[in-house]
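S.K.: build me a model from this:
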Amino acid sequence: MRTFLAGTKYFQLSNIFVFFGLLIVISGLYALTRNPVKKEMPSQNKKMVFKRKYWLFYTLNFLSGARRQIFVAFAVFMLVEKFEFKVETIAILFIINNIITYFTAPLIGKAINKFGERIVLSVEYCSLIIIFICYAFVEDKMIVAVLYVLDHIFFGAAMAVNTYFQKIGESKDIAPSMAVGFTINHISAVIIPVVGGALWMIDSRIPFLVGSAIALVSLLFVQFIKTKPQHP
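M.R.: Numbering: from 1, shown residues only. The predicted structure is shown next:
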């Protein structure tokens, strides 16, 4: 996506689509020659797994999907529609986010091991409450660009939801439960853009205030996490 946006400055859209289409086909053909199965992994359930004891994992995935759409859909839309950021500027922000994530993602992983999922996710959602409220009322281009980068950095903390499940889930449930979590995550990813788009037409600030409320609800549910940090 980042490379696509950057390329629009130099090439026609049709040529870019052809290039990436061929790249995807070649990647798919290469994937057919690979076998990703690891024999040392425990045997996994072949069906979708829904268990009451995983309710918090399901809930956090649903809320995470809603939070993701505020960032992916409405934050970018605000940069373009309200602040008139050009394609090149958005591409630069994407590149900055990727570079920063390269360095921050390992640090977030270490923080999860040291402090635990509850604290890391609590910091994320407390920060998002502030960021989303700022999104709703900010009027300065530089400030909103900084908020967008910070938003992306905290987005990396979502990995703590999966590490939480790895601590509470049965080994045979990992693959099917991750599939269930991914599906639940995308249920909210379908609902939020539709509802948020309707709210945007009323007032562009509403989706971000709703996002702040979602972050607050997420913060409350995160407090139910009881797993302990993993000290090396």
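S.K.: can you name the residues that contact F132?
M.R.: 70, 208-209, 211-212, 215 (CB atoms under 8 Å, 6 or more residues apart in numbering). Quick note: C-beta positions are derived from backbone N, CA and C, even for glycine.
S.K.: most neighbours among those, which one is it?
M.R.: In terms of neighbours by other CB atoms under 10 Å, those top out with G211 at 27 neighbours.
S.K.: quick check: phi and psi on it?
M.R.: Backbone torsions of G211, given as degrees, to the nearest 10, read phi -60, psi -40.
S.K.: make 57 the first number, not 1, from now on.
M.R.: OK, 57 is where the count begins now, so the last one is G267.
S.K.: I'd guessed it sits against I126; true?
M.R.: Yes - G267 is within contact range of I126, at 3.8 Å (criterion: CB atoms under 8 Å).
S.K.: where in the protein is pLDDT low?
M.R.: The model of the chain has pLDDT under 70 over residues 57-67, 69, 92-102, 286-288.
S.K.: which residue ranges of it form helices?
M.R.: Using DSSP state H, the helices of the chain run over residues 58-63, 69-87, 111-125, 132-137, 143-171, 173-193, 197-211, 215-224, 230-258, 262-278.
S.K.: between the ones you listed, which gets nearest to M104?
M.R.: Taking CB to CB, helix 230-258 is the member of the helices of the chain nearest to M104, at 5.5 Å.
S.K.: check which residues of the closest one are buried.
M.R.: 230-234, 236-237, 240-241, 244-245, 248-249, 252, 255-256 (16 or more other CB atoms under 10 Å).
S.K.: and it, how far from the chain's centre?
M.R.: 11 Å (CA atoms, centre = their mean, to the nearest Å).
S.K.: so that helix versus helix 215-224, what angle?
M.R.: Put simply, helix 230-258 runs at 150 degrees to helix 215-224, going by axes from the mean of the first three to the mean of the last three CA atoms, to 10 degrees.
S.K.: export the helices of the chain as CSV, with columns for distance to V105.
M.R.: Converted to CSV, the helices of the chain look like this (distance: least, CB to CB, whole Å):
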stretch, distance to V105
helix 58-63, 35
helix 69-87, 26
helix 111-125, 11
helix 132-137, 34
helix 143-171, 24
helix 173-193, 20
helix 197-211, 27
helix 215-224, 11
helix 230-258, 4
helix 262-278, 21
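S.K.: tell me which of these sits nearest to K103.
M.R.: The nearest among these, by CB to CB, is helix 230-258 at 6.5 Å.
S.K.: give me the angle between the closest one and helix 262-278.
M.R.: 150 degrees.
S.K.: who are the packing partners of helix 230-258?
M.R.: helix 111-125, helix 215-224, helix 262-278 (3 or more CB pairs under 8 Å, 6 or more residues apart in numbering; DSSP states H and E).
S.K.: what angle do it and helix 111-125 make?
M.R.: Using the same axes, to 10 degrees: helix 230-258 against helix 111-125 is 40 degrees.
S.K.: from I151, how far off is K138?
M.R.: K138 sits at a distance of 22 Å from I151 (criterion: CB to CB, to the nearest Å).
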